[in-house]
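S.K.: fold the following, please.
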Amino acid sequence: MINLRRATVLALFHLLFGSLLVPGAARATDFRIGSLRIEQPWSVATPKGAKVGVGYMKITNEGAQADRLIGMTSPAARKVAMHDMVHEGDVMRMRQLENGLEIKPGETVELAPQGKHVMFEDLAAPLTEGDRVKSTLMFEKAGGIDVEFAVEALGTKMPAMPAMHKH
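M.R.: Residues are numbered from 1 along each chain as shown. Take a look at the predicted model:
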């Protein structure tokens, strides 16, 4: 009886206080459409007057056929485009992904700083830490899905990940 009571108390403690110990744990959000999983879309706060913002996420294809992210829209920006950073000699250049972004079966494509990313162009207002940027992703086969990008502090290189408990 004592062991059961102790286990129950420990379980309640983890349930009630576990997420408070890990910054960002409550903000992590995943979205699903068809065989695609969109993990933790996030963005970075912009300074006043900035007209562009960035967005990042992971997209995993758990299905048997490839799909392609072909477009995005957001009320936060006049235009949303997908870009990649490419090295040309000693210079990094940004180029638009004109044909979208393919996600092959079993593959995870990560949009992250210094690589593939979303550009929110001609922002309606600055992106503010703690806000969420509503957006719609359009996939060639799976169709459209509404997601929200959690806006992190200016200068964030990677958002806090949720706690993973091993028992």
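S.K.: going forward, measure contacts and count neighbours with C-alpha atoms only.
M.R.: OK.
S.K.: quick check, Thr108 in contact with Gly63.
M.R.: No - judged on CA atoms under 8 Å, Thr108 makes no contact with Gly63 at a distance of 11.5 Å.
S.K.: and the two? Which one has more around it.
M.R.: Per other CA atoms under 10 Å, whichever of Thr108 and Gly63 has more neighbours is Thr108, with 17 against 14.
S.K.: beta partners for the more buried one?
M.R.: Thr60 (DSSP bridges).
S.K.: ok, now which ones touch it?
M.R.: Lys58, Ile59, Thr60, Asn61 (CA atoms under 8 Å, 6 or more residues apart in numbering).
S.K.: how many neighbours does the last one have?
M.R.: Look at Asn61: counted by other CA under 10 Å, it has 23 neighbours.
S.K.: which one is it nearest to, not counting chain neighbours?
M.R.: Excluding the flanking residues, the one nearest Asn61 by CA to CA, 6 or more residues apart in numbering is Leu36, at 4.7 Å.
S.K.: one more: the second one?
M.R.: Spatial nearest neighbour of Ile59, chain neighbours left out: Ile38 (4.6 Å); criterion: CA to CA, 6+ apart.
S.K.: would you state the strands of this structure in chain order?
M.R.: 30-33, 36-44, 52-61, 67-73, 77-88, 91-96, 101-103, 108-111, 117-123, 132-139, 143-152 (DSSP state E).
S.K.: report the distance from stretch 38-52 to the chain centre.
M.R.: Averaging C-alpha positions (CA atoms, centre = their mean, to the nearest Å) puts stretch 38-52 11 Å from its chain's average.
S.K.: by mean pLDDT, point me to the weakest helix or strand of the chain.
M.R.: Of all helical and strand segments in the chain, the minimum by mean pLDDT, DSSP states H and E falls on helix 2-17, at a mean of 36.
S.K.: centroid-nearest residue for this structure?
M.R.: Pro41 (1.6 Å; CA atoms, centre = their mean).
S.K.: measure Val86 to Pro47 for me?
M.R.: 25 Å (CA to CA, to the nearest Å).
S.K.: check the gap between Ser135 and Thr73 for me.
M.R.: 6 Å.
S.K.: low-confidence ranges, this protein, go.
M.R.: Residues of the chain that meet the criterion pLDDT under 70 lie in 1-28, 160-167.
S.K.: circling back to that earlier point, ok, the contacts of Thr108 vs Met119, which is closest?
M.R.: Comparing those against Met119 with CA to CA places Lys58 closest, at 15.3 Å.
S.K.: show me what contacts that closest one?
M.R.: Arg37, Ile38, Glu39, Gln40, Pro41, Thr108, Val109, Glu110, Leu111.
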